[in-house]
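Enquirer: the following comprises the amino acid sequence and a computationally predicted model.
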Protein chains: 2
Amino acid sequence: MLGVRCLLRSVRFCSSAPFPKHKPSAKLSVRDALGAQNASGERIKIQGWIRSVRSQKEVLFLHVNDGSSLESLQVVADSGLDSRELNFGSSVEVQGQLIKSPSKRQNVELKAEKIKVIGNCDAKDFPIKYKERHPLEYLRQYPHFRCRTNVLGSILRIRSEATAAIHSFFKDSGFVHIHTPIITSNDSEGAGELFQLEPSGKLKVPEENFFNVPAFLTVSGQLHLEVMSGAFTQVFTFGPTFRAENSQSRRHLAEFYMIEAEISFVDSLQDLMQVIEELFKATTMMVLSKCPEDVELCHKFIAPGQKDRLEHMLKNNFLIISYTEAVEILKQASQNFTFTPETRSLCVAEAGVQWCKHGSLQIPPPRLSSFLPTQSPNYLGLQWGADLRTEHEKYLVKHCGNIPVFVINYPLTLKPFYMRDNEDGPQHTVAAVDLLVPGVGELFGGGLREERYHFLEERLARYLDLRRFGSVPHGGFGMGFERYLQCILGVDNIKDVIPFPRFPHSCLL
Amino acid sequence: MLGVRCLLRSVRFCSSAPFPKHKPSAKLSVRDALGAQNASGERIKIQGWIRSVRSQKEVLFLHVNDGSSLESLQVVADSGLDSRELNFGSSVEVQGQLIKSPSKRQNVELKAEKIKVIGNCDAKDFPIKYKERHPLEYLRQYPHFRCRTNVLGSILRIRSEATAAIHSFFKDSGFVHIHTPIITSNDSEGAGELFQLEPSGKLKVPEENFFNVPAFLTVSGQLHLEVMSGAFTQVFTFGPTFRAENSQSRRHLAEFYMIEAEISFVDSLQDLMQVIEELFKATTMMVLSKCPEDVELCHKFIAPGQKDRLEHMLKNNFLIISYTEAVEILKQASQNFTFTPETRSLCVAEAGVQWCKHGSLQIPPPRLSSFLPTQSPNYLGLQWGADLRTEHEKYLVKHCGNIPVFVINYPLTLKPFYMRDNEDGPQHTVAAVDLLVPGVGELFGGGLREERYHFLEERLARYLDLRRFGSVPHGGFGMGFERYLQCILGVDNIKDVIPFPRFPHSCLL
C-alpha cells in the first residue's frame, strides 16, 4: 500500500503547515530591524553582505546590508568575533540582540552574539572597492556586481516601486492590464529599425519562417491595445519594446520599457493630457513617499539641484502649446540651433503612403538643395511640417520655465497614419500630443486615433478591420519607463536606470 | 513678446486644471452604474457596445457593455429612439436616468433620454454572431475580435487581476521587482529551442552581430535574478519568455509569461515550497474575490466541476513526495503508460557537461538498444534518473487525491548544472522541486542553487564569477503564468488564456 504510505508520509511531511512564520531566533530583514520601535534586546537573526568593517581594540563594528533598504544595520561585536573573512562584500549571518543605539547616527544596532561568514569575498579581485565611489561608467562594465553599490541599489529599488506605482495607478483608475505580444508580424513603422527573429541556426533560411511569416520584436503595443480598446474602454500595457537603431546616445537603448494606454470614447486631447499629467504626478508622489532615502541619494550624488527641479514640476500645472506656436517660439529664439527651426521637410512616398521622414531625412534648408533626389520616384517635394529636434525640445522646456509642456496638433505629414485628422486649414494638423520634460525631452507621445473609416480607407487594410464593427473615438499614449526614471532622478545615462542594458555592440550577461 | 504670450495662453489653456473629475452629465462605467446604491434617477452617461437588442411595441431594451464587468447595463428606451444602427456590436453613448429596476434580474437600469450611435456594426460581416456561443477554436481565428465575447472578456479581466495579485503578493512580502532582459547572449540551456535575432534585413550576415555576439530571446530570467539575489535577498520577475519549439500542444506557446523568484540565504526546499504554496493560494483567493462573476462564467461554461476542484486545492495542504517515491508509485500503478516508468535514461556529453536529455532523447527500455549510438563520442551510457512524462505527472496528481503535489530531490543527471547537490547515496540527487497540479501537470519548477564554488568549478565559467564574492545559499522557482490561469480556470487550451497567442505557423496580428 505504497499509495497510502505516500499520502501519510506526505501529510506528516506537511504537518508543520501552515508553515511557521518565524524560526526560533526571529529572522528579520535589515529594513524591519532598522524600523523596530523600542528595541530592547530581542534576539534576532539577520543575513546580508558586509558594507563596512571597523575593528577597534575591543570592539568590532560592521555594517550589514541585505538590499531591503539603503541604510545598513550596525553590528557591534566583541573583537574576539573578528575573523579574516569579515571582509567588505562577504555574506554573513549575525545573531544577537537588537538594542537602542547609544549613538545618534542610528536608532538601533545589533549586539552580536554569533557571526557566521557564509561566503567570503576576496577584496583584491572584487571589482567593487571598499569606500570608493565608482563612476557609473565604471560600474556599467559589471552588470552582475553593480547592484551591490548604494547608487544602483537605490535606483533598482526605485524602479521596482515605480513599477508598482504605475500598476496601481491604472488599476485604481479602472484600466484592464493587457500583455501585448513581444513577437509580432507587424512591420508597419520604420522597418529598418526592427529586430527580426528565427529559431537559432535557421537564420540563414529566411524562406522557412517559424511563424510562416517574417516575425519581429515589437516596437509598440499600440495596435494590440487598440484591438482591446474595442472591448474594454480603458486598457494599458507595461512591457519591453525594441529598436534596432545603431545609437550610442545616452537616451536610447535597444531594449526598453514602455507604458502604453488606450482609452475609448475619448474625443479631446484634453482628456488624454489629464491622464498623462495625473499618471506622472501620482507615480512620482508614490515613489517619493515609498523610498525617500533612495531618491534623496540620487538627487544628492547624481543630480544636485534635481530635488528642486522635480518639486517645481510636481507643484505646477503642465503647460500646453501648439506645434505652430512652438516653431514660432523657436524662430524668435536668440539661441543658435544646429538645426534651424523650420516648418518644411522633405517628403517621400513609401509603400504607397506619403510620408515625411522623421528626423533622419530632415535636412536644414541650406544643405537641402544639394541633397534633393528630384529624379527619385519617391520624392514628393517639400511639405509643411518639420520634426522638432532634441535641441528644440530642450529650448522649449526651458522657455516654458522648466515645467513639462504638452506640444499638440502636429503637422499631419509628421505623424503616423493612424493619428486623427484635425481637418483644419492649409496647415493640416492631427490631434497628436507630445509631453516634453526637463532634462529628457520627449517623455510621452500620444494622440487621438483616426476612428473614421473613410479617412483611413486608402491606408493600411489590416488596420481598417478594426474600424468596421462598432468603431469608437479613442486615443492613447506611450511613456518610456527608463526616460521617466531619468527624468525624476536626474540620471544622465539611460543605461544606469535599467538592470541589464542592451545597446549596439553590448549585450553583457 | 511671444514667450510671455505663450505662457499666458498656456496658463489660460490650463486654467481648468486641476481637471474636473466629471463632465456635466456624469459619465459612469457600466460597472459603477451597476454598483450604484439606491439609484433614484441620477442623470448619467454611459458608453459601450450593444450586446443585445429587444424591440417591443413601445419599449426598446438594450444591453450595453463597456468591458468593465461581465454584466451589461440594461437600457430601457421609448421605441421612438430605435434606429437601424442599434445593432449587436454597435458602439453607443446613452444618456438618461439611472433608476431601480422593476425586474428582479437586475438592480438598476438606465432610462434612456438620448441614444447616440457612435460606430455602426454590420452584423452580416461581423464574425461574432448575436446570441451564438462560438467555440473557442473558432474565436482563435479572430484575435482582434474575440475580446468582445463574454468568455474572452472574462478571461482577460481575470488575467489582469491575477497579474496585479502576483505583483501585490511579492511586494507585500518584501520582494524587489526586477526587469530581467528579454534579449540575452546566454544560450546555456537547450540551444536548439532558442530564437535568435538580428536587425531586420541583416539576418543573412550572421558574422556582423548587432550586439557583437549572437543574441537570443530569453528562456528564463533565472540567471539575471541570481545576479540580483547577490544584493537583494528577495527578488522576482514577471515577464515574457520564449521557446522556438515546434509544438502544437495545448500546453505550449512560443511566447509565454513566467513568474520567477530567487531568495537568498534559503537553505531548505521547505522554505521555497512555503513561498510557492502561499503564492498560489494568495493569488487565487485574490482573483476569486476580485472577479467572482468572471471566474464563475469560466467554471460554468468552460470547465464544469472546476469550482469544486479548485476549492479542494485551496483548502488542502499541498503534498510532498520524493522523486524516488514518485517512480515507485508509478511502477506499482495498475495503469498502462505509453512510456514505462523508468529510473534510467540515456546520457550524453554536451559542451563538456554530462547531461541527460530532457524528454526528447529519453527512450523507453524496449526500444533503447536499437537506438543507442554507442559509437558516438557523446554517448555516456545509461544513468540513474529518467524524466517524468506528462502522463506520469497526471497519474501522480490523481493518485494524491487531486491535490497539488511537490516532487522533490530529482536525480542530479536530470536537472541543470546549477541545482544544489544533495550529496546523498549512490542514487545521486539535487535539491530540485516541481509542483504538479491537476489538469496542467508541472506548474512550478525550482530548487536550491549550488552556491559552493568548488562544486561548480568544473562547470560554466561565467556562472562561477557569481560565487566568488560573498556567495550565499539561495533558491528560486518559476511558474508559467498561462498554465496557472489554465489551472484555476480549467481552460483546456493555453491559446485561450493569452491575448495574442504565438505558436509555430501562427503569429496573427
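Expert: Everything's here; your move. Residues are numbered from 1 along each chain as shown, chains lettered A, B, ... in the order given.
Enquirer: might you report the residue contacts of residue A:65?
Expert: A:30, A:48-49, A:51, A:71-73, A:153 (C-beta atoms under 8 Å, 6 or more residues apart in numbering or on different chains). In this view, the C-beta of every residue, glycine as well, is placed from N, C-alpha and C.
Enquirer: and it, how far from residue A:71?
Expert: To residue A:71, residue A:65 is 8 Å away according to C-beta to C-beta, to the nearest Å.
Enquirer: now residue A:505
Expert: 38 Å.
Enquirer: same check on residue A:336?
Expert: Applying C-beta to C-beta to residue A:336 and residue A:71 gives a distance of 48 Å.
Enquirer: with residue A:163 instead?
Expert: Taken as C-beta to C-beta, the span from residue A:163 to residue A:71 is 22 Å.
Enquirer: between those two, who's got more neighbours?
Expert: Using other C-beta atoms under 10 Å in any protein chain shown, the more surrounded residue of residue A:163 and residue A:71 is residue A:163, with 23 against 16.
Enquirer: what parts of the stretch 251-400 of chain A come near chain B?
Expert: A:254-255, A:257, A:264-265, A:270, A:274, A:277-278, A:317-321, A:325, A:328-329, A:332, A:399-400 (C-beta under 8 Å from any C-beta of the partner chain).
Enquirer: buried ones from these, can you make that a PyMOL selection?
Expert: Here is the PyMOL selection string for the buried members of those, based on 16 or more other C-beta atoms under 10 Å in any protein chain shown:
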select buried, chain A and resi 254+255+257+264+265+270+274+277+317+318+319+320+321+325+328+329+399+400
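Enquirer: so which of the residues of the stretch 251-400 of chain A next to chain B sit within strands?
Expert: Members of those lying in strands (criterion: DSSP state E): A:255, A:257, A:264, A:319-321.
Enquirer: sec struct for residue A:478, please.
Expert: strand (DSSP: H, G, I helix; E, B strand; the rest coil).
Enquirer: contacts only, for residue A:276.
Expert: Here residue A:276 is in contact with A:406, A:433, A:435, A:444, A:446, A:477, A:479 (C-beta under 8 Å, 6+ apart).
Enquirer: against chain B, how distant is it?
Expert: Distance of residue A:276 to chain B, given as C-beta to the nearest C-beta, to the nearest Å: 11 Å.
Enquirer: what's the local residue count around the residue nearest to that residue when sequence neighbours are not counted?
Expert: Excluding the flanking residues, the one nearest residue A:276 by C-beta to C-beta, 6 or more residues apart in numbering or on different chains is residue A:444, at 5.2 Å. A count of neighbours around residue A:444, defined by other C-beta under 10 Å, yields 27.
Enquirer: cool, and residue A:324?
Expert: 18.
Enquirer: wait, what's in contact with the closest residue to it other than its chain neighbours?
Expert: Using C-beta to C-beta, 6+ apart and skipping the chain neighbours, the partner closest in space to residue A:324 is residue A:427 (6.9 Å). Applying C-beta under 8 Å, 6+ apart to residue A:427 gives the contacts A:324, A:384-385, A:411.
Enquirer: which one's the longest strand in chain A?
Expert: Longest strand in chain A, counting by DSSP E: strand A:40-55.
Enquirer: just the mean pLDDT for the next helix or strand after that one, thanks.
Expert: Note on strand A:40-55: by DSSP states H and E, the next helix or strand toward the C-terminus is strand A:59-65. For strand A:59-65, mean pLDDT rounds to 96.
Enquirer: in the stretch 151-300 of chain A, which spans are strands?
Expert: With DSSP state E, counting those that start in this stretch as the criterion, the stretch 151-300 of chain A has strands at A:176-177, A:183-184, A:195-199, A:215-217, A:234-242, A:255-264.
Enquirer: distance between the last one and the chain's centre?
Expert: A distance of 11 Å separates the C-alpha centroid of strand A:255-264 from that of its chain, computed with C-alpha atoms, centre = their mean, to the nearest Å.
Enquirer: report all helices and strands that that strand contacts.
Expert: helix A:222-228, strand A:234-242, helix A:269-290, strand A:474-480, helix A:481-489 (3 or more C-beta pairs under 8 Å, 6 or more residues apart in numbering or on different chains; DSSP states H and E).
Enquirer: check whether the longest strand of chain A contacts chain B.
Expert: Yes: Strand A:40-55 comes into contact with chain B (C-beta under 8 Å from any C-beta), by way of A:47-50.
Enquirer: so what strands line up beside that strand?
Expert: strand A:26-27 (parallel), strand A:59-65 (antiparallel), strand A:91-100 (antiparallel) (DSSP bridges).
Enquirer: I'd like the distance from the shortest one to the chain centre, please.
Expert: Centre-to-centre, strand A:26-27 and its host chain are 35 Å apart (C-alpha atoms, centre = their mean).
Enquirer: repeat for the second one
Expert: A distance of 35 Å separates the C-alpha centroid of strand A:59-65 from that of its chain, computed with C-alpha atoms, centre = their mean.
Enquirer: CA atoms of it as CSV?
Expert: Presented in CSV, the C-alpha positions along strand A:59-65 are these (Å, rounded to 0.1, in the frame of the first residue of the first chain):
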residue,chain,number,x,y,z
VAL,A,59,35.1,46.3,19.6
LEU,A,60,34.3,45.4,16.1
PHE,A,61,31.8,47.4,14.0
LEU,A,62,30.2,46.0,10.9
HIS,A,63,27.6,47.4,8.6
VAL,A,64,25.4,44.8,7.1
ASN,A,65,23.1,45.4,4.1
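Enquirer: all helices for the stretch 251-400 of chain A, in order.
Expert: A:269-290, A:292-297, A:306-315, A:323-331, A:365-371, A:390-399 (DSSP state H, counting those that start in this stretch).
Enquirer: wait, which of these is closest to residue A:83?
Expert: helix A:292-297 (30.7 Å; C-beta to C-beta).
Enquirer: list the buried residues in the closest one.
Expert: So, applying 16+ other C-beta under 10 Å, buried residues of helix A:292-297: A:294-295, A:297.
Enquirer: that helix - what's its average pLDDT?
Expert: 94.
Enquirer: that older thread, joint contacts of residue A:65 and residue A:71?
Expert: residue A:30.
Enquirer: which regions of chain A sit below the pLDDT cut-off?
Expert: Residues of chain A that meet the criterion pLDDT under 70 lie in A:1-24, A:187-192, A:202-207, A:344-383, A:458-466.
Enquirer: tell me the contacts of the residue nearest to residue A:276?
Expert: By C-beta under 8 Å, 6+ apart, the neighbours of residue A:444 are A:276, A:280, A:433-435, A:477-479.
Enquirer: tell me which of the residues you listed is nearest to chain B?
Expert: The nearest member of those to chain B, counting by C-beta to the nearest C-beta, is residue A:276 at 10.9 Å.
Enquirer: what's the offset of stretch A:225-235 from the middle of its chain?
Expert: For stretch A:225-235, the distance to the chain centre is 23 Å (C-alpha atoms, centre = their mean).
Enquirer: helices of the stretch 51-200 of chain A, residue ranges please.
Expert: A:136-140, A:150-172.
Enquirer: buried deepest among those, which one?
Expert: Each of these was scored by mean neighbour count; the highest is helix A:150-172, a mean of 21, by mean count of other C-beta atoms under 10 Å in any protein chain shown.
Enquirer: ok, and does that one reach over to chain B?
Expert: Yes: residues of helix A:150-172 are located near chain B by C-beta under 8 Å from any C-beta, namely A:153, A:156-157, A:159-160, A:163-164, A:167, A:171.
Enquirer: just flag the most distant two among the residues you listed.
Expert: A:153 and A:171 (27.3 Å).
Enquirer: thinking again about what came up before, format the residues of helix A:150-172 next to chain B as a markdown table; extra columns: distance to residue A:235.
Expert: Formatted as a markdown table, these follow (distance: C-beta to C-beta, whole Å):
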| residue | distance to residue A:235 |
| --- | --- |
| A:153 | 34 |
| A:156 | 28 |
| A:157 | 28 |
| A:159 | 23 |
| A:160 | 23 |
| A:163 | 18 |
| A:164 | 19 |
| A:167 | 13 |
| A:171 | 12 |
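Enquirer: tally up the residues packed near residue A:209, please.
Expert: For residue A:209, using other C-beta under 10 Å, the count is 19.
Enquirer: now it, what are its backbone angles?
Expert: Note on residue A:209: its backbone torsions stand at phi -80, psi 140 [degrees, to the nearest 10].
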